[in-house]
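Peer 1: below are the sequence and a predicted model; questions follow.
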Amino acid sequence: MPTIALSGNRTDITNPIQKIRSFLLGELVSSGWEISNSYGDQIITLDNIELKIQEADAFIFMPNAQIEDIFYAVSIFVGYQTLDPDLKGKPAVILNTDGSWDLLFELLDQLEIFGTIRQSYRKFLLHSKEPKEALANLSYAARIGIPDSGRKKIISKPTLSFETPLPTVTKSKVCVFCSASMDVEDYIEDGYALGKLLADHNFGCVSGAGTTGVMGSVVQGSVEAGGWTAGSNVPHIIEIEGLPKGLSSFWLRPDIYTRMEVMIERSDAFIIFPGGAGTVQELLALLIFKQSGNPLMAGKPIVLFNRIDKKLQVPFWGKLVTLLNNLANKELFTVVTELEEIIPTLDQLF
C-alpha cells in the first residue's frame, strides 16, 4: 500500500483546516493510501526530513503553512531539481485554501525571473485551491510522473572526503549559501569578491562545494586569495555538477540534509548570498534551528545580503524578507545591502 505524507501539526490546525484534513483522510484511505502524519502530530526537522521523504510515496502540503512546512516543501522541490533518487516518481501537491503559501509562490516566481531557478516550480509543486483539486492533481501526477528537471550526470564517481587543518591565523569559518546556477556577470563578480574578502580577512570559507554560478565564484575567489576553503556535497549532486579545484577540506555526505548539518556544525557564521530554492531551504533550516534553540546554531550569526538587482532595480531577497516577517523572529538574522558591509557586520556580530 503506498504512503502519502500530510504536512501540518496539531498546534497549527484550526477548525476549518481540521475539516479539510478529515475530508482528505477519508478520500485518500478509500483510494488505497496509507497516511503518514494523519493526526498532525509530527514536526519536520533537519534531523528527520530525509527519513520522512524515504518513507513516503507522495506528499500533500496543507493550509496554514508554518516555517517547518515551507522548509519541507522547498526541500522536496530542491530534491526534484537535483535528481534526488529518494524522490523519484513521488508527486507533491500544495493545498492553498487560505493563501498561506502565497508569499512562498511570490518568492519562487521572482527567483525564476532572476534566473536562480531554472525549472518551473509549479510543474513540480502542484498548486491546488480546493481539496478536490488537490486529489485530482495527486491522481494526475501519479499517472504521468514527475517532470524532467533538465539536468544530466557529468561524472559517475564522486571523490572521498579529505581534510586540511585550519591555518592558525584563521579567525572563524564562514559558510556562504548561494546560487550554483546564476550566471549574471555582476553576481559572479560579487561572489568572487566575497570569497577574496573572506580570505583577505582570515575567515575560512565553507560552501556547498559547487563549481558553477555564484557558488563556484565564491570558492574560486577564496582559493585564489590563498584562503582555507572547505565544502560539502552529496553523490547525486556531484554527478551533475562536479567538484571545484583547490578545496582545502571536503566532506562527502549521503544526502542534502546531512550535508547541511555538517556545514552548520563546522561553521561559525553564515552568509545568505543571492541564490535559488536551495539557498532558501538552507536559510529556513538555520532559522528553524535558531528558533528551536538547537545548540548547533548557538552564537552563530546569519547575515542576509539583500543587494539591489541592477536589471530589475529591486532587492534580490525582498520577497524572502517579506515571507520571513510572518515566519521568523527578525532578530535571528541581519540584513545588509552592500557587499562592503558584510565583513564589518561579521566582525561586529562575533
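Peer 2: Cool, the structure landed.

Peer 1: wait, residue 198 sits on residue 174?
Peer 2: Yes: assessed by Cβ atoms under 8 Å, residue 198 is found in contact with residue 174 at 5.8 Å. Using the backbone N, CA and C atoms, a C-beta is placed for each residue, glycine as well.

Peer 1: what do the two both touch?
Peer 2: Here residue 198 and residue 174 have 204, 205 as joint contacts, going by Cβ atoms under 8 Å, 6 or more residues apart in numbering.

Peer 1: in the protein, which residue is most central in space?
Peer 2: residue 281 (1.9 Å; Cα atoms, centre = their mean).

Peer 1: so what's that residue up against?
Peer 2: So residue 281 contacts 71, 74, 75, 78 (Cβ under 8 Å, 6+ apart).

Peer 1: skipping adjacent residues, who's closest to it in space?
Peer 2: Spatial nearest neighbour of residue 281, excluding adjacent residues (Cβ to Cβ, 6 or more residues apart in numbering): residue 74 at 4.6 Å.

Peer 1: quick check, the one you found in a helix?
Peer 2: Yes: assessed with DSSP: H, G, I helix; E, B strand; the rest coil, residue 74 lies in a helix.

Peer 1: what is the helix or strand bottoming out on mean pLDDT in the chain packed up against?
Peer 2: Least confident helix or strand, the chain: helix 235-241 with a mean of 86, by mean pLDDT, DSSP states H and E. Using 3 or more Cβ pairs under 8 Å, 6 or more residues apart in numbering; DSSP states H and E as the contact test, no helix or strand touches helix 235-241.

Peer 1: following that helix, which helix or strand comes up?
Peer 2: Next helix or strand after helix 235-241 toward the C-terminus (DSSP states H and E): strand 249-252.

Peer 1: gap between that next one and the chain center?
Peer 2: Chain-centre distance of strand 249-252: 19 Å, with Cα atoms, centre = their mean, to the nearest Å.

Peer 1: after that strand, which helix or strand is next?
Peer 2: helix 256-265.

Peer 1: just how off-centre is that following helix within its chain?
Peer 2: That offset, for helix 256-265, works out to 11 Å (Cα atoms, centre = their mean).

Peer 1: what ranges do the strands span in the stretch 1-150 of the chain?
Peer 2: 3-6, 34-36, 58-61, 92-95, 125-128 (DSSP state E, counting those that start in this stretch).

Peer 1: the third one pairs with which strands, parallel or anti?
Peer 2: It refers to strand 58-61. Paired strands of strand 58-61, with direction, are strand 3-6 (parallel), strand 92-95 (parallel) (DSSP bridges).

Peer 1: tell me which of those strands sits nearest to residue 241.
Peer 2: Taking Cβ to Cβ, strand 92-95 is the member of the strands paired with strand 58-61 nearest to residue 241, at 23.3 Å.
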